[in-house]
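Peer 1: All I have is the shape, not the residue letters:
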């Protein structure tokens with residue numbers, strides 16, 4: 001194995017002291033030395049493939065300059081986009097992000113968090129799964145800095161950044177009503193996750209506020225473990241019978257992506273036979289024959305704000321910041337006024 005370049009090697013090459021090399025490479029203010037010397041030190045360090053000793057740096061600062069990120073499903077466009085935003089924001093602050101996917105399994109999430117903590121990450125960004133309340137409470141007791149993203153538990157006083165789910169779905173339902181639709185169906189997940197139940201509440205409250213009598217047959221809650229097959233059944237039930245729904249609201253992009261297929265197979269014209277609206281965007285919507293109306297989640301703001309809150313909480317870990325961001329309604333052809 002080739003010998004690693006040291007600060008001493010760079011100092012000898014440039015003809016300065018080791019302390020001065022350390023001073024420059026640690027990004028300290030360089031007003032006490034000439035710009036030319038600083039540039040030469042950096043150029044030699046790059047030419048010699050110098051890599052800082054992170055272990056030594058961590059011992060000195062009591063930081064590893066790494067963050068742990070646990071997402072629900074890295075294959076979901078929401079998770080992958082959020083990950084990229086967080087990585088970019090952390091990089092601006094000289095932090096590296098270690099990422100893991102829980103696949104919506106609390107046991108796997110627990111293992112990932114334990115692994116990340118064993119790697120001595122300075123803090124955690126977590127998209128929690130259902131049933132993680134106890135583990136998160138334990139992290140609080142241990143004094144581990146963390147911020148929840150996208151999902152949170154109202155009974156736990158923790159840092160979080162999430163969408164105003166109630167407001168987003170209320171807005172989507174109101175748009176359908178304003179467009180002339182009255183028989184509005186919703187497909188959502190069967191879960192106790194607060195963010196999902198808030199979406200259902202937004203839908204029901206919008207119907208109530210507009211004096212539309214809700215029919216239980218309009219609401220379809222699919223199991224996460226079997227949602228791919230459950231969605232097809234739900235769509236067919238909503239669009240069958242004597243009084244099919246006039247519009248379908250999908251509570252997530254995952255549900256929408258699998259729900260569009262049976263709509264096409266039933267040869268339903270969108271929006272003439274049924275209007276479509278969904279929470280969150282996906283590039284795959286563009287493959288559908290009609291552009292789909294959706295609620296755009298403020299992903300850049302969500303990822304950047306959560307990262308900043310975490311970095312600010314690492315030194316102190318005492319203040320609590322809780323933020324619900326507004327979603328933006330993007331109206332496209334799938335909800336044309338009737």
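Peer 2: Nice, thanks for sending it over. What you see is a predicted model, and the numbers here were worked out from it, not measured in a lab.
Peer 1: in the helix or strand containing residue 232, what counts as buried?
Peer 2: Element membership of residue 232, judged by DSSP states H and E, is helix 227-239. Neighbour counts using 16 or more other CB atoms under 10 Å place 227, 230, 231, 232, 234, 235, 238, 239 of helix 227-239 among the buried residues. C-beta here means a position set from N, CA and C on the backbone, and glycine is covered the same way.
Peer 1: pLDDT added to these, as CSV?
Peer 2: Shown next, in CSV, are the buried residues of helix 227-239 (pLDDT from 0 to 100):
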residue, pLDDT
227, 89
230, 95
231, 95
232, 94
234, 97
235, 97
238, 97
239, 96
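Peer 1: Just send these back as a markdown table, with distance to residue 137 too.
Peer 2: Formatted as a markdown table, these follow (distance: CB to CB, whole Å):
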| residue | distance to residue 137 |
| --- | --- |
| 227 | 29 |
| 230 | 32 |
| 231 | 34 |
| 232 | 39 |
| 234 | 35 |
| 235 | 39 |
| 238 | 39 |
| 239 | 44 |
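Peer 1: where do the helices sit along the stretch 151-300 of the chain?
Peer 2: 165-178, 194-209, 227-239, 253-265, 299-316 (DSSP state H, counting those that start in this stretch).
Peer 1: now residue 199: how far from residue 20?
Peer 2: Computed as CB to CB, to the nearest Å, the residue 199 to residue 20 distance reads 58 Å.
Peer 1: try residue 110
Peer 2: Residue 110 is 47 Å from residue 20, by CB to CB.
Peer 1: Then residue 323?
Peer 2: 44 Å.
Peer 1: now do residue 155
Peer 2: Separation of residue 155 from residue 20 (CB to CB) stands at 55 Å.
Peer 1: between these two, which one's more packed in?
Peer 2: residue 20 (18 against 9; other CB atoms under 10 Å).
Peer 1: any idea which helix or strand comes after the strand or helix carrying that one?
Peer 2: Element membership for residue 20 (DSSP H and E) is helix 18-25. As assigned by DSSP H and E, the chain's next helix or strand after helix 18-25 is helix 35-47.
Peer 1: and that following helix with helix 18-25, angle?
Peer 2: Interaxial angle, helix 35-47 versus helix 18-25 (axes from the mean of the first three to the mean of the last three CA atoms, to 10 degrees): 90 degrees.
Peer 1: Can you point out the buried residues in helix 35-47?
Peer 2: Buried, per 16+ other CB under 10 Å, within helix 35-47: 40, 41, 42, 44, 45.
Peer 1: just checking, the last one touches residue 9?
Peer 2: It stands for residue 45. No: look at residue 45 against residue 9 with CB atoms under 8 Å: they stay out of range, at 9.3 Å.
Peer 1: got the contact list for residue 328?
Peer 2: Counting by CB atoms under 8 Å, 6 or more residues apart in numbering, residue 328 makes contact with 295, 296, 298.
Peer 1: Mind listing the residues bridging to residue 219?
Peer 2: residue 186 (DSSP bridges).
Peer 1: unless I'm mixing things up, it is touching residue 186, no?
Peer 2: Yes: between residue 219 and residue 186 a contact is recorded at 5.4 Å, counting by CB under 8 Å.
Peer 1: which of the two has more neighbours?
Peer 2: Under the neighbour definition other CB under 10 Å, residue 219 and residue 186 were set side by side, and residue 186 has more, 28 against 18.
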